[in-house]
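This is a predicted model, with the sequence first.
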Amino acid sequence: MNKLDILSASYNDTQDLKYDYAVLPWGATEPHNYHLPYLTDCYLAHDTAFDGVKKAYEQADILGMILPPVPFGSQNPGQLNLPFCLHASYETQKAILSDIVASLYRQKINKLIIVNGHGGNNFKNMIRDLAVDYPDFLIVAADWFKVIPTKDYFDEPGDHADELETSVLMHYRPDLVNLTVAGNGTYTPFKAKTLREGIAWTPRNWSKVSQDTGIGNPHKSTAEKGRKYAEAVTDKLAELFIELLQEDIY
């Protein structure tokens, strides 16, 4: 399936094909506890996106291309003192997205789905801005880890390097997971009750929240849990891709 993934595709694979849409995995470069790689968010966004595109192609004969994962995410305060944690500003992320959209638009590909793997990323304002400049270009964003509720799949889901992320990476790329060195992902929530309730939002200071950079216990993770969840997520992503290509959204 080289023709579906730019990481392995050559021009020989694509030159005679008409692509219906593109999918952009977007992650981050940051520590993920002690047991997961820095690029966890990129791997997971890419791999779930690929399975979704493959299923959509097999089910509905719509042809999409997975673009290179973007490894630059928005980070919280307290993370940037950690080695090799990279922060990309809103302006940088918008410039990257704008250039990708401009390139696709020239090539008459006018549908782009962002599959996001990093909780700190938010594309809504960027997409609104680009809709003004490209009114006939559809951009849709999906957080792969929110597509399916986690409660029926995991015992102790958290929100960073937790049982969910660990299990799904164990399914896709077991060689990159070393659970024997994982911390417990213990974290300290806000003292302010209103912030804990979501009445208002402010970024968490990671140095005051987590000792091992994780939030959520990963020790009950298994590849089988990850497989079941990934199957459900990618089924739903395939459904999204098919609907966006074959039906009107209004």
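Perfect, thanks for sending it.

Now the longest helix seen in the chain: average pLDDT?
Longest helix in the chain by number of residues (criterion: DSSP state H): helix 223-246. Here helix 223-246 scores 98 as its mean pLDDT.

Helices of the protein, residue ranges please.
Going by DSSP H, the chain shows helices at 11-14, 40-60, 90-106, 124-133, 163-172, 193-196, 206-209, 223-246.

The longest helix of the chain versus helix 163-172: what angle between them?
Orientation check (axes from the mean of the first three to the mean of the last three Cα atoms, to 10 degrees): helix 223-246 against helix 163-172 gives 90 degrees.

any weak-confidence spans in this protein?
Low-confidence segments of the chain, defined by pLDDT under 70: none present.

What sits closest to the residue most central in space within the chain if chain neighbours are left out?
Ranked by distance to the mean C-alpha position of the chain (Cα atoms, centre = their mean), the top residue is residue 117 at 1.9 Å. Spatial nearest neighbour of residue 117, excluding adjacent residues (Cβ to Cβ, 6 or more residues apart in numbering): residue 45 at 3.2 Å. No exception for glycine: its C-beta is placed from N, CA and C like everyone else's.

count of neighbours near that neighbour?
Neighbourhood size, residue 45 [other Cβ atoms under 10 Å]: 30.

so it makes contact with residue 119?
No - Residue 45 is beyond contact range of residue 119, at 11.7 Å (criterion: Cβ atoms under 8 Å).

re the thing from before, let me know which of the helices of the chain is tucked in deepest.
With neighbours defined as mean count of other Cβ atoms under 10 Å, the helices of the chain peak in mean count at helix 163-172, which reaches a mean of 25.

and the angle for it with helix 40-60?
60 degrees.

Helix 163-172 packs against which elements?
Judged by 3 or more Cβ pairs under 8 Å, 6 or more residues apart in numbering; DSSP states H and E, helix 163-172 is in contact with helix 40-60, helix 223-246.

Looking at those, spot the one closest to residue 127.
helix 223-246 (13.9 Å; Cβ to Cβ).

who does that closest one touch, helix- and strand-wise?
Helix 223-246 is packed against strand 21-26, helix 40-60, strand 111-116, strand 138-143, helix 163-172, with contacts defined by 3+ Cβ pairs under 8 Å, 6+ apart.

Who are the packing partners of the longest one?
Right, the one you point to is helix 40-60. Checking 3+ Cβ pairs under 8 Å, 6+ apart, helix 40-60 ends up next to strand 21-26, strand 64-66, strand 111-116, helix 163-172, helix 223-246.

Dump these to a markdown table, plus distance to residue 79.
Shown next, in a markdown table, are the helices and strands packed on helix 40-60 (distance: least, Cβ to Cβ, whole Å):
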| stretch | distance to residue 79 |
| --- | --- |
| strand 21-26 | 17 |
| strand 64-66 | 27 |
| strand 111-116 | 18 |
| helix 163-172 | 16 |
| helix 223-246 | 25 |
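
can I get the helices and strands packed on helix 163-172 in TSV with distance to residue 200?
Shown next, in TSV, are those (distance: least, Cβ to Cβ, whole Å):
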stretch	distance to residue 200
helix 40-60	26
helix 223-246	30
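
re earlier: distance of the residue nearest to residue 117 relative to residue 150?
To residue 150, residue 45 is 17 Å away according to Cβ to Cβ, to the nearest Å.

Ok, residue 156 next?
From residue 156 across to residue 150, the span is 10 Å (Cβ to Cβ).

what does residue 26 give?
Distance from residue 26 to residue 150, counting by Cβ to Cβ: 20 Å.

mind listing what residue 216 touches?
Residue 216 is in contact with 156-164, 185, 187, counting by Cβ atoms under 8 Å, 6 or more residues apart in numbering.
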